[in-house]
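S.K.: Just need the structure, nothing else, for what follows:
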Amino acid sequence: MKNNSILAEPCCKQCTHGPEKPCTKMVDCLLTGPLCHEDVNCKNKRQDRVKLIQRDKCSEPVFIVGTGTCGLGAGAGKTMAAIHDYCKSHNKAYSLIETGCIGLCSAEPILDVILPGRPRISFASVTADRVAPLLDGLLAGKADTSAALGYYPKPGQSPWSGVESIEKHPFFEPQSRLVLKNCGIIDPSSIDEYIVSRGYRALAKVLHTMTPEEVIKSVEISGLRGRGGGGFPTGRKWGLARATPASQKYVVCNADEGDPGAFMDRAVIEGDPHRVLEGLAIAAYAVGATKAYIYIRAEYPLAIKRLEAAIEQASELGLIGYNILDSGFNLSFIIKKGAGAFVCGEETALIHSIEGKRGMPRLRPPYPAASGLFGKPTIINNVETLANVPSVILDTPEAFAAMGTANSKGTKVFALSGKVERTGLVEIEMGTTIKDIVMKIGGGVPDGQRLKAVQIGGPSGGCIPESHIDIAVDYESLKQVGAIMGSGGLVVMDEKNCMVDVAKFFMEFIQRESCGKCIPCREGTRRMLEILKSITRPRGADTADSALDRFKGVLELEELATVIRDTSLCGLGQTAPNPVLSTLRWFSDEYEAHIYDRRCPAGACTEMLTYTIDAEKCIGCTRCAKACPAGAIAGAAKKPHAIANARCIGCGGCMEVCKFAAISRN
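M.R.: Next comes the predicted model:
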């Protein structure tokens, strides 16, 4: 039995228990403060816990590198190797710690440094070649202010000259971080760091001071709603499962993050896996479940690795498993790897996948809270929802409810990407405007371009035009402009983005990911995609009847979207037309340009572009002809060339290689 194995003998001088009686000191410490860190005789004070608590008193440099997926992709592995080589060549003792993504993905690889007597300081874009000069300056007492993101203030420590607190950084200052508060700060592979950061206190509190009904009531008071897109009240869902009698109940963490442009769940698990486990354990206690599943796509190997390590560590300390914290509550965890089907994000399809069946939605009711996994009451919450639960319990539900709007409480995490200066994960209080997210936190659109639209909610969401970005982020407001919160993808677009092409992209995704069970979704989305493709086709591709078919299709597009929305079985089909409907609503002029003028105003639909060569500027250098992959350019050397538009594929390669500005695009 692993429960309380670390406490198999007296852990503190106050403990008098024998080997057969589990120690309650761990519960006391979790409820009142960092685990036994003030007791010099405590056997729980392991070496890494001491290191965490005394980092502000370190005797050697501590290097902390962001090694989430984004950091590793930007070269964090090479950065760590360069740190090792530097310290070895300088014969300097050091500690190297890996952490998750702090959110500012565009600044990766991010390196934090702690020197004796100085506060932790963070640097952006520290690739391997920048390690040596950066550390040379730091060890000499000077920080590279051009690369510094900020420092973490600590009483009694001298701030870095010319560097502001990281809380003042324009990316972080407007944020309210609950779910992300540990990401990029603690070592996700260390349960000790999580415990010292108030981890597992919420679990200890509910197990020893609250009944399951009181936990559910607290979540109801908080106003926490599902962060996976639907926005169903979390406490009400838990209450339904609690009230359903059954010999076995399940809780499931839905980490099947499949939206294009969404990476919130992955980053939270990579950066703070114990927080997700704690939230899931509290949910299990509340509904009376003894088995917990984490459904995560196999494309997230790092997140899976850190989850597996977190489960093992928590089991060793008796924080999950049998008789958790001597409470009589048992809970086992199972990780189920999904194959990456987008439809498995829908809860009934996810259930079928866990059961070993094909991931296809089923008719509801009965809802999973009454009859779910293996026919038993099942609660399914996504990663962000569960990661909010410890804060609701520890910081009081009233404090959580005080954040946000009347019907949308707390915070929301967004994956900010696209045409924006600072991309990454942002966590804002509900009610913050999209304009503030894009312009203040994201830094606006780069290269002097004008913001055109924001796509929110992934394939199930919609596009919001620049004229409406003052809208507040909450569940009800977004619906007024034809969008939904979704899981949290937020893609910024500028004038170079074609909204018809955007609608076509999402329709291709939906059509490809449809499970095929419902005819409206399977065939309706296919027909919508065909219509969108016909709109973006050049005149030369028309046949005798295709022009008439194209006009007929355009007239039927909105009606077809309505039928798909009203008759599909699951949420994927019901929201599939949203990207098309929202772009039709706000960008009808672009559709008209494609339909009537056969041109793409943004120049993004390459098939509709035509290229011409100015004979007076062309000197016949042949560079364009050599660059054309379709062989559409002809002409003798030192003579003006010409483009055969019937063969041109619109790639623009000729225009890129021409040094004489002889080629223009229409």
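S.K.: Any stretches of this structure with poor pLDDT?
M.R.: Across the chain, the ranges flagged by pLDDT under 70 are 1-56, 540-544.
S.K.: count of residues packed around Glu60?
M.R.: Neighbour count for Glu60, taken as other C-beta atoms under 10 Å: 12. Every residue, glycine included, has its C-beta placed from N, CA and C.
S.K.: swap in the one 10 residues further on?
M.R.: A total of 26 residues lie near Cys70 under the criterion other C-beta under 10 Å.
S.K.: Now it. Nearest residue, chain neighbours left out?
M.R.: In space, Cys70 comes closest to Cys105 once its chain neighbours are excluded; the distance is 4.2 Å by C-beta to C-beta, 6 or more residues apart in numbering.
S.K.: name the helices or strands packed onto the longest helix along the chain?
M.R.: Taking DSSP state H as the assignment, the helix of the chain that covers the most residues is helix 546-567. The contact analysis (3 or more C-beta pairs under 8 Å, 6 or more residues apart in numbering; DSSP states H and E) places helix 546-567 against helix 519-535, helix 571-575, helix 578-586.
S.K.: which helices and strands does the second one pack with?
M.R.: Which is helix 571-575. By 3+ C-beta pairs under 8 Å, 6+ apart, helix 571-575 packs against helix 519-535, helix 546-567.
S.K.: CA-only coordinates of it, as PDB, when you get a sec.
M.R.: Only the C-alpha atoms of helix 571-575 are listed here, as PDB (Å, rounded to 0.1, in the frame of the first residue of the first chain):
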ATOM      1  CA  GLY A 571     -22.300  20.100 -31.200                       C
ATOM      2  CA  LEU A 572     -19.800  19.700 -34.000                       C
ATOM      3  CA  GLY A 573     -22.500  19.600 -36.600                       C
ATOM      4  CA  GLN A 574     -24.700  22.100 -34.900                       C
ATOM      5  CA  THR A 575     -21.900  24.700 -34.900                       C
END
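S.K.: Can you give the contact residues for it?
M.R.: Contact with helix 571-575 is made by 229-230, 342-343, 345-346, 361, 459-461, 484, 510, 513-515, 518, 520-521, 525, 564-566, 568, as judged by C-beta atoms under 8 Å, 6 or more residues apart in numbering.
S.K.: Likewise for the first one?
M.R.: Counting contacts by C-beta under 8 Å, 6+ apart, the residues outside helix 519-535 that touch it are 500, 503-504, 507-508, 510-511, 514, 516, 546, 549-550, 553-554, 556-557, 560-561, 563-564, 567-569, 572-573, 576-577, 580, 591, 594-595.
S.K.: follow-up on the earlier one: in a markdown table, list the helices and strands packed on helix 571-575 along with distance to Ser95 and mean neighbour count.
M.R.: Below are the helices and strands packed on helix 571-575 laid out as a markdown table (distance: least, C-beta to C-beta, whole Å; neighbours: other C-beta atoms under 10 Å):
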| stretch | distance to Ser95 | mean neighbour count |
| --- | --- | --- |
| helix 519-535 | 53 | 20 |
| helix 546-567 | 55 | 15 |
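S.K.: Let's have these in CSV, adding distance to Val445.
M.R.: Listed next are the helices and strands packed on helix 571-575 as CSV, based on distance: least, C-beta to C-beta, whole Å:
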stretch, distance to Val445
helix 519-535, 26
helix 546-567, 29
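S.K.: Could you say which one of those comes nearest to Ala128?
M.R.: Smallest distance to Ala128 across the helices and strands packed on helix 571-575 (C-beta to C-beta): 44.3 Å, for helix 519-535.
S.K.: pull the CA atoms of that closest one into PDB?
M.R.: What follows is helix 519-535, C-alpha atoms only, in PDB (Å, rounded to 0.1, in the frame of the first residue of the first chain):
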ATOM      1  CA  ILE A 519     -26.400  13.100 -43.100                       C
ATOM      2  CA  PRO A 520     -26.800  16.800 -42.600                       C
ATOM      3  CA  CYS A 521     -23.300  17.200 -41.200                       C
ATOM      4  CA  ARG A 522     -21.600  14.600 -43.500                       C
ATOM      5  CA  GLU A 523     -23.200  15.700 -46.800                       C
ATOM      6  CA  GLY A 524     -24.200  19.300 -45.900                       C
ATOM      7  CA  THR A 525     -20.700  20.400 -45.000                       C
ATOM      8  CA  ARG A 526     -19.400  18.800 -48.100                       C
ATOM      9  CA  ARG A 527     -21.800  20.800 -50.200                       C
ATOM     10  CA  MET A 528     -21.000  24.000 -48.400                       C
ATOM     11  CA  LEU A 529     -17.300  23.400 -49.100                       C
ATOM     12  CA  GLU A 530     -18.000  22.800 -52.800                       C
ATOM     13  CA  ILE A 531     -19.900  26.100 -52.900                       C
ATOM     14  CA  LEU A 532     -17.000  28.000 -51.200                       C
ATOM     15  CA  LYS A 533     -14.500  26.400 -53.600                       C
ATOM     16  CA  SER A 534     -16.600  27.400 -56.600                       C
ATOM     17  CA  ILE A 535     -16.600  31.000 -55.300                       C
END
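S.K.: on that earlier part again, and the residue nearest to Cys70, backbone torsions?
M.R.: Here is the backbone geometry of Cys105 (degrees, to the nearest 10): phi -60, psi -30.
S.K.: what's the neighbour count on it?
M.R.: Cys105: 24 surrounding residues under other C-beta under 10 Å.
S.K.: That one contacts Val426, doesn't it?
M.R.: No - using C-beta atoms under 8 Å as the test, Cys105 is too far from Val426 to be in contact (10.4 Å).
S.K.: So how do I select the buried members of the contacts of helix 571-575 in PyMOL?
M.R.: PyMOL command restricting those to the buried ones, with burial defined by 16 or more other C-beta atoms under 10 Å:
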select buried, resi 229+230+342+343+345+346+361+459+460+461+484+510+513+514+515+518+520+521+525+564+565+568
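S.K.: Could you report the separation of the spatially closest residue to Ile294 that is not a sequence neighbour from Asn645?
M.R.: In space, and not counting its chain neighbours, Ile294 is closest to Cys253: 4.5 Å by C-beta to C-beta, 6+ apart. Separation of Cys253 from Asn645 (C-beta to C-beta, to the nearest Å) stands at 54 Å.
S.K.: Next up, the contacts around the closest residue to Met499 other than its chain neighbours.
M.R.: Spatial nearest neighbour of Met499, chain neighbours left out: Phe587 (4.1 Å); criterion: C-beta to C-beta, 6+ apart. With contacts defined as C-beta under 8 Å, 6+ apart, Phe587 is in contact with 453, 463, 465, 499-500.
S.K.: Tell me how far the residue nearest the centre of the chain lies from Ser588.
M.R.: Residue closest to the mean C-alpha point of the chain, counted by C-alpha atoms, centre = their mean, is Met264 at 1.4 Å. For Met264, the distance to Ser588 (C-beta to C-beta) stands at 32 Å.
S.K.: Same question for Ile613.
M.R.: Taken as C-beta to C-beta, the span from Ile613 to Ser588 is 34 Å.
S.K.: Who has more neighbours out of these two?
M.R.: More neighbours surround Ile613 than the other of Ile613 and Ser588, with 20 against 11 (other C-beta under 10 Å).
S.K.: Contact partners for the more buried one?
M.R.: 624, 633, 640-643, 662-663.
S.K.: Quick check: bridge partners of it?
M.R.: Ile663 (DSSP bridges).
S.K.: all numbers from here: first residue = 58
M.R.: With the count now opening at 58, the last piece we talked about shows up as Ile670.
S.K.: how much space between it and Ala694?
M.R.: On the measure of C-beta to C-beta, Ile670 and Ala694 end up 15 Å apart.
S.K.: coming back round to it: rebuild the helices and strands packed on helix 603-624 as a markdown table, extending it with distance to Pro317.
M.R.: Below are the helices and strands packed on helix 603-624 laid out as a markdown table (distance: least, C-beta to C-beta, whole Å):
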| stretch | distance to Pro317 |
| --- | --- |
| helix 576-592 | 16 |
| helix 628-632 | 14 |
| helix 635-643 | 11 |
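S.K.: Would you map the helices across the stretch 58-207 of the chain?
M.R.: Under the criterion DSSP state H, counting those that start in this stretch, the stretch 58-207 of the chain contains helices at 82-89, 104-110, 126-131, 133-146, 185-196.
S.K.: thinking again about what came up before, look at Cys310 and Asn702 and report which has more neighbours.
M.R.: Neighbours were counted for Cys310 and for Asn702 using other C-beta under 10 Å; Cys310 has more, 29 against 15.
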